[in-house]
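1. For reference, the sequence and a predicted model appear below.
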Amino acid sequence: MFKIIAIILLAISTAGAGYFGWTQKKSNVAVTAQVAELEAKVEESDKKVEATEEELAASKEMLPPLMTKAQELEAVKAAFSTGTVLKDLEAAYAKEKKGLSTERQLGLAGVRLLTNGTKDPATVEAFQKALEMTDWKGQQKVICAAQNALAAAGEKIKVMSECAPEAPAGKADAHGAPAAKDAHAAPAAKDAHGAPAGKDAHGKDDKKGGKKDAHGPADAHAVHWDYEGAMGPENWGKEFPTCGKGKSQAPLNIKGPFEKVRFNVAPDYKQGQLKIVNNGHTIQVNVPAGSKIRIDGKPYDLLQFHFHRPSEEHIDGKPSAMVVHFVHKNTEGELAVLGVMLREGNENPGIKTLWAHAPKSEGPEVMPDGVMFNPANLLPKEMDFFHYDGSLTTPPCTEKVKFFILKTQVNIAKEQVTDFPFKMNARPVQPANGRPIYTN
Ligand SMILES: [Zn+2]
């Protein structure tokens, strides 16, 4: 299992670097977008990998150089989002007195990409460093191998003409297809709140479940967890151990006594092009770079925000109609979620704009032409908060996520609540296990 993950990781990271270099050479533009695209594919990796392990093994022969590298990365087991892998690898490589080989630099760049996403400037820097270390001619072979591997895996990637003779298309198709299936079937560790790519994972409602059955295996995005039934929150721990065994899980029921903190949270959100997606679990708005929040003076970038119905957090035992979670990450990869509870009341103009463009069913992100949105439209004026240390509220339930739930709630019309295409996508409240809840 590990080897498969490592192969996919390395294929994509090497290809990411190669693709990066190639793109940079040709145009020096859209590099981040290319890497982001690859990253999005990686995000979809998950358990389903196991099902096609055999097929993948057959593709090994295509990937001997990658296999070698895969073995070097025995440490890469899971949980990129925790940053442990990256830290370990950096620590191990820091001991290399002579500096890193190009391959290792590429590997490091790939792991950094998977851990921190493209928004981390260090990711791009790591790729650039890898490229600087390589002369173009020598690198071409690696790039060809990577491009061909990706193409063979069914990815839409432009293979350089220089590479074509080394990759007969027939063979590539036969071997690579399983890898592609894996990559798509798989919202694994990264598919959650804190996901480095800024994506979020949420369950489907019952209706969608039924629909999916009708679609059967043709639906590439199989549900691995849900909000009820056999794959419901009570059973998440079977597949995602932290969900079951973690001692700092979220959400919480917020109730006193509270401990006092003196710092504040200060959002600095900017208007930008609306990018909105129905990912089959929630409605999520992906936020262009530039919006930030300061927590105790430290900046965190706003990656995305999304909705739960009803609110996941309870206050004195009661949920609100909905909650919006603003997901932030700092340069160290630490996550902070700002929660704004939505209670039934007057129509919310911000929500009106969002719902007008939110796709009714699962599909790709849409960017409605010329529609701008400022996430600050969903914030109350008062920023007093409750604070606790929690986790992603979706599998894999990774911990060390700081939560700030605003005391002031914001109105949403009843019709706006019912227009939200998910009937129920909230994880139940979790045991506090002695965790303090703070307030400013
Ligand atoms: Zn959430």
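-> Noted; the coordinates are in hand.
2. so how many other residues sit close to His281?
-> Residue crowding around His281 was assessed by other C-beta atoms under 10 Å; the count is 28. In this view, the C-beta of every residue, glycine as well, is placed from N, C-alpha and C.
3. Tell me if I'm right that it and Thr394 touch.
-> Yes. In this structure, His281 is within contact of Thr394 by C-beta atoms under 8 Å, at 7.5 Å.
4. What's opposite the residue nearest to Gly317 when sequence neighbours are not counted in the beta bridge?
-> Once flanking residues are discounted, Gly317 sits nearest to Asn253: 5.9 Å by C-beta to C-beta, 6 or more residues apart in numbering. Beta-bridge partners for Asn253, by DSSP bridges, are His314.
5. Likewise for Gln273?
-> Met372.
6. okay but it is in contact with Val287, surely?
-> No. With contacts counted by C-beta under 8 Å, Gln273 stays clear of Val287, the gap being 9.8 Å.
7. between the two, who's got more neighbours?
-> Val287 (25 against 14).
8. Report the separation between that one and Glu344.
-> Counting by C-beta to C-beta, to the nearest Å, the gap from Val287 to Glu344 is 26 Å.
9. wouldn't the residue nearest to Gly317 be in contact with His314 here?
-> Yes. Contact criterion C-beta under 8 Å: Asn253 and His314 qualify, at 4.2 Å.
10. what touches both of these two?
-> Taking C-beta atoms under 8 Å, 6 or more residues apart in numbering as the criterion, Asn253 and His314 both touch Val429.
11. still on that earlier bit, in contact with the residue nearest to Gly317: list those residues for me.
-> Contacts for Asn253 were tallied using C-beta under 8 Å, 6+ apart; they are Glu313, His314, Ile315, Asp316, Gly317, Val429, Ala432.
12. Can you give me the pLDDT of it?
-> pLDDT recorded at Asn253 is 98.
13. and what of Pro349?
-> 98.
14. Now it: closest residue in space that isn't a chain neighbour?
-> Leaving aside its chain neighbours, Pro349 sits nearest to Asn377 (7.1 Å; criterion: C-beta to C-beta, 6+ apart).
15. hmm, which helix or strand of this structure has the shakiest average pLDDT?
-> When the helices and strands of the chain are scored by mean pLDDT, DSSP states H and E, helix 169-184 comes last with a mean of 29.
16. Relative to Gly339, how far out is Arg435?
-> For Arg435, the distance to Gly339 - C-beta to C-beta - is 16 Å.
17. quick one, which of the two is more surrounded?
-> Between Arg435 and Gly339, Gly339 has the larger neighbour count (other C-beta under 10 Å), namely 23 against 16.
18. need the contact list for the more buried one.
-> By C-beta under 8 Å, 6+ apart, the residues touching Gly339 are Ser311, Glu312, Glu313, Val323, Val324, His325, Phe326, Phe403, Phe404, Ile405, Leu406.
19. tell me the contacts of the fifth one?
-> For Val324, the set of contacting residues under the criterion of C-beta under 8 Å, 6+ apart consists of Phe305, His306, Phe307, Gly339, Val340, Leu342, Leu378.
20. Doesn't the third one lie inside a strand?
-> Yes. Counting by DSSP: H, G, I helix; E, B strand; the rest coil, Phe307 is located in a strand.
21. beta partners for it?
-> Beta-bridge partners, per DSSP bridges, of Phe307: Val324.
22. for it, what are its contacts?
-> Thr282, Ile283, Met322, Val323, Val324, His325, Phe420, Phe422, Asn425.
23. Narrow these to those that are buried.
-> Thr282, Ile283, Met322, Val323, Val324, His325, Phe420, Phe422, Asn425 (16 or more other C-beta atoms under 10 Å).
24. State the three-state secondary structure for the residue nearest to the third one when sequence neighbours are not counted.
-> The shortest distance from Met322 to any residue that is not its chain neighbour, by C-beta to C-beta, 6+ apart, is 4.1 Å, and that residue is Leu342. At Leu342, secondary structure determined by three-state DSSP is strand.
25. what about Leu342, how many neighbours?
-> When neighbours are defined as other C-beta under 10 Å, Leu342 has 26 of them.
26. Touching, it and Asn348? I think so.
-> Yes. In this structure, Leu342 is within contact of Asn348 by C-beta under 8 Å, at 7.2 Å.
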